[in-house]
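*Asks:* Pasting a predicted model and its sequence here:
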Amino acid sequence: MTHRSPASPRRAYWLKTLHEWHWVSSAICLVGMLLFAVTGITLNHAGQIEAKPRVTSLQATVPADVLAGLKAPDGKDRVPLPAALRDWARAQWDIDTDGREAEWSPDEVYVSLPRPGGDAWMRVSLPDGEAEYERTDRGWISYLNDLHKGRNTGTAWSWFIDIFAAACLVFCITGLFILKMHAGNRPFTWPMVGLGLVLPALLALLFIH
(Lines give C-alpha, C1' and ligand atoms only; values in the text may rest on other atoms or scores of the structure.)
Protein backbone atom coordinates (compact mmCIF):
# COMPACT_ATOMS: atom_id res chain seq x y z
CA MET A 1 0.00 0.00 0.00
CA THR A 2 1.36 3.45 -0.98
CA HIS A 3 1.39 6.17 1.68
CA ARG A 4 1.32 9.77 0.56
CA SER A 5 3.49 12.29 2.29
CA PRO A 6 1.47 14.79 4.37
CA ALA A 7 3.18 17.54 2.38
CA SER A 8 1.95 16.20 -0.97
CA PRO A 9 -1.43 18.05 -1.05
CA ARG A 10 0.28 21.31 -0.08
CA ARG A 11 3.00 20.73 -2.66
CA ALA A 12 0.41 20.00 -5.33
CA TYR A 13 -1.48 23.18 -4.43
CA TRP A 14 1.61 25.40 -4.66
CA LEU A 15 2.80 23.72 -7.83
CA LYS A 16 -0.58 24.30 -9.48
CA THR A 17 -0.67 27.92 -8.29
CA LEU A 18 2.86 28.60 -9.49
CA HIS A 19 2.11 27.07 -12.88
CA GLU A 20 -0.99 29.26 -13.23
CA TRP A 21 0.91 32.45 -12.37
CA HIS A 22 3.78 31.34 -14.59
CA TRP A 23 1.72 30.74 -17.73
CA VAL A 24 -0.41 33.85 -17.26
CA SER A 25 2.65 36.08 -16.81
CA SER A 26 4.38 34.38 -19.75
CA ALA A 27 1.35 35.04 -21.96
CA ILE A 28 1.33 38.71 -20.94
CA CYS A 29 5.08 39.01 -21.54
CA LEU A 30 5.32 37.01 -24.77
CA VAL A 31 5.03 39.75 -27.40
CA GLY A 32 6.91 42.28 -25.29
CA MET A 33 9.77 39.86 -24.66
CA LEU A 34 10.05 39.13 -28.38
CA LEU A 35 10.15 42.87 -29.07
CA PHE A 36 12.80 43.55 -26.42
CA ALA A 37 14.86 40.51 -27.45
CA VAL A 38 14.92 41.49 -31.13
CA THR A 39 15.66 45.15 -30.38
CA GLY A 40 18.37 44.06 -27.96
CA ILE A 41 20.13 42.51 -30.98
CA THR A 42 19.53 45.54 -33.22
CA LEU A 43 20.78 47.91 -30.50
CA ASN A 44 23.88 45.78 -29.93
CA HIS A 45 24.65 45.99 -33.65
CA ALA A 46 23.40 49.52 -34.27
CA GLY A 47 26.72 50.55 -35.80
CA GLN A 48 26.50 47.76 -38.39
CA ILE A 49 22.90 48.43 -39.40
CA GLU A 50 22.72 51.14 -42.03
CA ALA A 51 20.05 53.77 -41.61
CA LYS A 52 19.14 56.30 -44.25
CA PRO A 53 17.28 59.16 -42.57
CA ARG A 54 14.51 60.74 -44.59
CA VAL A 55 14.21 64.49 -43.99
CA THR A 56 11.05 66.45 -44.77
CA SER A 57 11.23 70.27 -44.73
CA LEU A 58 8.16 72.48 -45.01
CA GLN A 59 7.61 76.22 -44.97
CA ALA A 60 4.52 78.35 -44.43
CA THR A 61 3.46 81.77 -43.18
CA VAL A 62 1.63 82.16 -39.91
CA PRO A 63 -1.65 84.11 -40.38
CA ALA A 64 -1.55 87.72 -39.24
CA ASP A 65 -4.17 87.23 -36.51
CA VAL A 66 -2.16 84.35 -35.01
CA LEU A 67 1.14 86.22 -35.37
CA ALA A 68 -0.29 89.27 -33.58
CA GLY A 69 -0.63 87.22 -30.40
CA LEU A 70 2.97 86.02 -30.44
CA LYS A 71 5.55 87.74 -28.33
CA ALA A 72 8.45 86.66 -26.16
CA PRO A 73 7.24 86.21 -22.55
CA ASP A 74 8.61 88.62 -19.96
CA GLY A 75 11.33 87.10 -17.79
CA LYS A 76 10.98 83.61 -19.27
CA ASP A 77 12.58 81.94 -22.26
CA ARG A 78 10.85 78.54 -22.10
CA VAL A 79 7.04 78.43 -22.09
CA PRO A 80 4.47 76.48 -24.17
CA LEU A 81 3.16 77.83 -27.45
CA PRO A 82 -0.06 79.86 -27.37
CA ALA A 83 -3.21 77.89 -28.17
CA ALA A 84 -3.76 79.74 -31.46
CA LEU A 85 -0.31 78.77 -32.78
CA ARG A 86 -0.75 75.17 -31.61
CA ASP A 87 -4.06 74.96 -33.48
CA TRP A 88 -2.51 76.47 -36.60
CA ALA A 89 0.43 74.02 -36.52
CA ARG A 90 -1.97 71.09 -36.14
CA ALA A 91 -4.11 72.25 -39.05
CA GLN A 92 -1.15 73.20 -41.27
CA TRP A 93 1.21 70.27 -40.71
CA ASP A 94 -0.74 67.82 -38.54
CA ILE A 95 1.72 68.15 -35.65
CA ASP A 96 0.87 68.09 -31.97
CA THR A 97 2.74 70.63 -29.85
CA ASP A 98 0.55 70.32 -26.75
CA GLY A 99 2.61 70.17 -23.58
CA ARG A 100 5.84 71.07 -25.37
CA GLU A 101 7.91 73.91 -24.03
CA ALA A 102 9.13 76.35 -26.66
CA GLU A 103 12.31 78.41 -26.62
CA TRP A 104 11.55 82.10 -27.03
CA SER A 105 13.84 84.90 -28.13
CA PRO A 106 13.07 88.43 -29.36
CA ASP A 107 13.26 87.24 -32.99
CA GLU A 108 11.84 83.75 -33.02
CA VAL A 109 10.13 80.90 -31.20
CA TYR A 110 11.51 77.37 -31.55
CA VAL A 111 9.96 74.11 -30.36
CA SER A 112 11.70 70.76 -30.40
CA LEU A 113 9.53 67.74 -31.25
CA PRO A 114 11.61 64.60 -30.64
CA ARG A 115 9.87 61.27 -31.20
CA PRO A 116 10.73 57.56 -31.41
CA GLY A 117 12.67 56.75 -34.55
CA GLY A 118 13.34 60.33 -35.53
CA ASP A 119 13.27 63.98 -34.67
CA ALA A 120 11.40 67.14 -35.60
CA TRP A 121 11.32 70.85 -34.87
CA MET A 122 9.34 73.95 -35.71
CA ARG A 123 10.56 77.54 -35.86
CA VAL A 124 8.53 80.72 -36.29
CA SER A 125 10.10 84.08 -37.08
CA LEU A 126 8.32 86.66 -34.92
CA PRO A 127 8.91 89.73 -37.13
CA ASP A 128 7.41 88.30 -40.33
CA GLY A 129 5.65 85.04 -39.33
CA GLU A 130 7.74 82.81 -41.59
CA ALA A 131 7.50 79.27 -40.21
CA GLU A 132 9.64 76.21 -40.85
CA TYR A 133 8.96 72.61 -39.93
CA GLU A 134 11.51 69.83 -40.34
CA ARG A 135 10.97 66.15 -39.64
CA THR A 136 13.60 63.39 -39.71
CA ASP A 137 12.54 59.75 -40.01
CA ARG A 138 15.25 57.15 -39.32
CA GLY A 139 13.12 54.09 -40.14
CA TRP A 140 11.39 51.23 -38.34
CA ILE A 141 14.49 49.75 -36.74
CA SER A 142 15.31 53.07 -35.10
CA TYR A 143 11.65 53.39 -34.05
CA LEU A 144 11.67 49.98 -32.37
CA ASN A 145 15.07 50.66 -30.77
CA ASP A 146 13.68 53.83 -29.21
CA LEU A 147 10.70 51.88 -27.88
CA HIS A 148 13.21 49.53 -26.24
CA LYS A 149 14.97 52.47 -24.59
CA GLY A 150 11.79 54.39 -23.77
CA ARG A 151 13.24 57.36 -25.64
CA ASN A 152 10.73 60.13 -26.33
CA THR A 153 7.85 57.67 -25.99
CA GLY A 154 5.57 59.49 -23.55
CA THR A 155 3.80 58.56 -20.33
CA ALA A 156 1.65 55.68 -21.64
CA TRP A 157 4.66 53.73 -22.94
CA SER A 158 6.57 54.44 -19.71
CA TRP A 159 3.71 52.85 -17.76
CA PHE A 160 3.71 49.89 -20.17
CA ILE A 161 7.43 49.29 -19.59
CA ASP A 162 6.94 49.32 -15.79
CA ILE A 163 3.98 46.91 -15.96
CA PHE A 164 5.81 44.69 -18.44
CA ALA A 165 8.87 44.60 -16.15
CA ALA A 166 6.67 43.59 -13.19
CA ALA A 167 5.10 40.80 -15.26
CA CYS A 168 8.60 39.60 -16.25
CA LEU A 169 9.56 39.47 -12.57
CA VAL A 170 6.51 37.33 -11.83
CA PHE A 171 7.39 35.07 -14.77
CA CYS A 172 11.01 34.65 -13.63
CA ILE A 173 10.29 34.23 -9.91
CA THR A 174 7.52 31.67 -10.44
CA GLY A 175 9.80 29.86 -12.86
CA LEU A 176 12.52 29.75 -10.20
CA PHE A 177 10.16 28.23 -7.64
CA ILE A 178 8.91 25.68 -10.19
CA LEU A 179 12.53 24.73 -10.85
CA LYS A 180 13.07 24.31 -7.10
CA MET A 181 10.06 22.02 -6.77
CA HIS A 182 11.24 19.83 -9.67
CA ALA A 183 14.97 20.00 -8.88
CA GLY A 184 14.93 16.72 -6.95
CA ASN A 185 14.15 14.80 -10.14
CA ARG A 186 16.29 16.95 -12.42
CA PRO A 187 19.91 16.97 -11.23
CA PHE A 188 21.06 19.50 -13.84
CA THR A 189 18.64 22.19 -12.63
CA TRP A 190 20.90 24.12 -10.27
CA PRO A 191 24.10 23.75 -12.33
CA MET A 192 22.24 25.33 -15.27
CA VAL A 193 20.85 28.11 -13.08
CA GLY A 194 24.33 28.69 -11.70
CA LEU A 195 25.74 28.84 -15.22
CA GLY A 196 23.25 31.57 -16.07
CA LEU A 197 24.66 33.59 -13.16
CA VAL A 198 28.37 32.77 -13.46
CA LEU A 199 28.74 33.20 -17.24
CA PRO A 200 27.66 36.88 -17.49
CA ALA A 201 29.54 37.66 -14.26
CA LEU A 202 32.77 36.21 -15.70
CA LEU A 203 32.30 38.01 -19.00
CA ALA A 204 31.82 41.30 -17.18
CA LEU A 205 34.83 40.79 -14.93
CA LEU A 206 37.21 39.54 -17.62
CA PHE A 207 36.25 41.52 -20.72
CA ILE A 208 34.58 44.75 -19.59
CA HIS A 209 36.99 47.38 -18.33
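*Replies:* The structure has been received and is ready for your questions.

*Asks:* right, and the helix or strand after the least confident helix or strand in the chain by mean pLDDT?
*Replies:* Ranked by mean pLDDT, DSSP states H and E, the helix or strand of the chain with the weakest confidence is strand 78-80, at a mean of 89. Stepping forward along the backbone from strand 78-80, the first helix or strand reached (DSSP states H and E) is helix 83-93.

*Asks:* contact partners of that next one?
*Replies:* In this structure, residues lying in contact with helix 83-93 by Cβ atoms under 8 Å, 6 or more residues apart in numbering are 58, 60, 62-63, 65-66, 69-70, 80-81, 95-98, 109, 122, 124, 131, 133. Bear in mind the C-beta positions are built from the backbone N, C-alpha and C, glycine included.

*Asks:* tell me what the helix or strand hosting Tyr13 is packed against?
*Replies:* Secondary-structure element containing Tyr13, defined by DSSP H and E: helix 8-44. Of the remaining helices and strands, those touching helix 8-44 by 3 or more Cβ pairs under 8 Å, 6 or more residues apart in numbering; DSSP states H and E are helix 140-149, helix 154-182.

*Asks:* among those helices, which is nearest Ser105?
*Replies:* Nearest to Ser105 among those is helix 154-182 (27.5 Å), distances taken as Cβ to Cβ.

*Asks:* In the closest one, which residues are buried?
*Replies:* 161, 164, 167-168, 170-171, 174, 178 (16 or more other Cβ atoms under 10 Å).

*Asks:* now the angle between helix 154-182 and the next helix or strand after it, please.
*Replies:* Using DSSP H and E, the helix or strand that follows helix 154-182 towards the C-terminus is helix 189-207. Computed with axes from the mean of the first three to the mean of the last three Cα atoms, to 10 degrees, the direction of helix 189-207 lies at 130 degrees from that of helix 154-182.

*Asks:* Off-centre distance for helix 189-207?
*Replies:* The chain centre lies 28 Å from the centre of helix 189-207; the measure is Cα atoms, centre = their mean, to the nearest Å.

*Asks:* From the rest of the structure, what touches that helix?
*Replies:* The set of residues external to helix 189-207 that reach it, using Cβ under 8 Å, 6+ apart, is 176, 179, 182-183.

*Asks:* Quick check, Ser125 in contact with Ala131.
*Replies:* Yes - under the contact definition of Cβ atoms under 8 Å, Ser125 touches Ala131, with a separation of 7.4 Å.

*Asks:* which one of the two has more residues nearby?
*Replies:* Taking neighbours as other Cβ atoms under 10 Å, Ser125 and Ala131 compare with Ala131 leading, 23 against 16.

*Asks:* Thank you kindly, that will do.
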